[in-house]
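**Q** Just a sequence and a predicted model for now, questions to come.
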Amino acid sequence: MKRNAVYAMSATKFLELIAKIKSVHSSICSKIPESYKIPEACSIWTKTQVDKKVPYQEKHALQQASILGNLEEFGVLKKSGLICNATGEQCDSNGELVKGRDISTVVEFGAGRGYLTQMLADCYGIKKVLLVERKSYKLKADRSLRQKESLVLERLRIDIEDLNLNAVESLLGVGYMAIGKHLCGPATDMTLRCCINEHCDGHTSEAATSYLRGLAIATCCHHLCQWKSYINKKYINDMGWGKEDFNAITWFTSWAVDADHGSELSAVDSSAQFEIVMRSEKKEVVCMESELVSGVEDIVRNMEAIDRAVLGFMCKDIIDIGRLMWVKQQQQLVQSELVKYVPLCVSPENRLLLASHSISL
């Protein structure tokens, strides 16, 4: 549907949309920092010392570890250096109990099999876990997690759109961190609403509600994003775009991940090479205009794969920056950032949205 709508555009409108995407990206999305954080606490996973019964893939372990490392860097998770005794209580290197350092409850959205939470439980000794997932999976981490005597595990089989955290009895009066690595398309926007809007209505007492301490959401599958669900329509409208433009932008994002671009993508990820690619793309657009190409489908077919990938990444950034701007407008979140949390060679889906609450840990 989205592709057909793009191909139905006039060539002039298509080229104008691409030019505007480049302009918007250059003005508001050009400085997304790299933040590859592999904490020492996760070494048992990153050095493949985990239980052989647990499914292990290095690229997923690196992504999970960097998500947790960024939470640690952001102050949401406690710095590594604490260990757990046989009963799961946190101790220092001398085995002395550490008071007042309890790690927050964790809610993993789009949890799938739950292996992000598995790493979190193995490496940081969390006490309570809620896994939110609408589908049923085999080979879940639940069995391993339930073997941890000090950990309380609850799996909620529900669509995020229908979830009211204030109605979850085990979360009442509890501070929690929200994490997600498989929040495809609109699931990211639904998670932000679920975590943040729940605490803005002012109708219930603080003691009767849960409260967000921090979040880390790895965004992905932007081609699935929907106008009706997107969290910051005002941002899109302020750019002079509407629903049709948004749908086109989301479709372009598929170009970033539709092939293995190998070393080419790694080159594009540096600012110098990025500018080179953009200059060459501008020249190509001029050629297209001068040749009066008959239709959008022909223009797309004549684009180099690397040029489509660059445009796709631009569109992913534009969508995610809108989400970041929305988060920054929420008064209870005092710090937020969008980072590249793994290199492109690990995954092209490498943007992580971070935020922390005003309540100190």
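**A** Structure's in. What do you need? This one's a predicted model, so the numbers in the text were calculated from it and none came from an experiment.

**Q** Which residues belonging to the longest helix seen in the chain are considered buried?
**A** Longest helix of the chain, by residue count under DSSP state H: helix 305-328. Residues of helix 305-328 classed as buried by neighbour count (16 or more other C-beta atoms under 10 Å): 306-327. (Each C-beta comes from the backbone N, C-alpha and C, glycine too.)

**Q** Alpha carbons only: can I get that helix in PDB?
**A** Output of helix 305-328 as PDB, limited to C-alpha atoms (Å, rounded to 0.1, in the frame of the first residue of the first chain):
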ATOM      1  CA  ALA A 305      21.500   0.700  -3.400                       C
ATOM      2  CA  ILE A 306      23.800   2.700  -1.200                       C
ATOM      3  CA  ASP A 307      21.900   5.900  -2.000                       C
ATOM      4  CA  ARG A 308      18.600   4.300  -1.100                       C
ATOM      5  CA  ALA A 309      20.200   3.000   2.100                       C
ATOM      6  CA  VAL A 310      21.400   6.500   3.000                       C
ATOM      7  CA  LEU A 311      17.900   7.900   2.400                       C
ATOM      8  CA  GLY A 312      16.400   5.100   4.500                       C
ATOM      9  CA  PHE A 313      18.600   5.900   7.500                       C
ATOM     10  CA  MET A 314      17.700   9.600   7.200                       C
ATOM     11  CA  CYS A 315      14.000   8.700   7.400                       C
ATOM     12  CA  LYS A 316      14.600   6.400  10.400                       C
ATOM     13  CA  ASP A 317      16.400   9.200  12.200                       C
ATOM     14  CA  ILE A 318      13.600  11.700  11.400                       C
ATOM     15  CA  ILE A 319      11.000   9.400  12.900                       C
ATOM     16  CA  ASP A 320      13.100   8.700  16.000                       C
ATOM     17  CA  ILE A 321      14.000  12.300  16.600                       C
ATOM     18  CA  GLY A 322      10.300  13.100  16.700                       C
ATOM     19  CA  ARG A 323       9.900  10.500  19.400                       C
ATOM     20  CA  LEU A 324      12.900  12.000  21.300                       C
ATOM     21  CA  MET A 325      11.300  15.500  21.100                       C
ATOM     22  CA  TRP A 326       8.100  14.100  22.500                       C
ATOM     23  CA  VAL A 327       9.900  12.500  25.400                       C
ATOM     24  CA  LYS A 328      11.800  15.800  26.100                       C
END
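
**Q** gap between that helix and the chain center?
**A** Offset of helix 305-328 from its chain centre (C-alpha atoms, centre = their mean, to the nearest Å): 12 Å.
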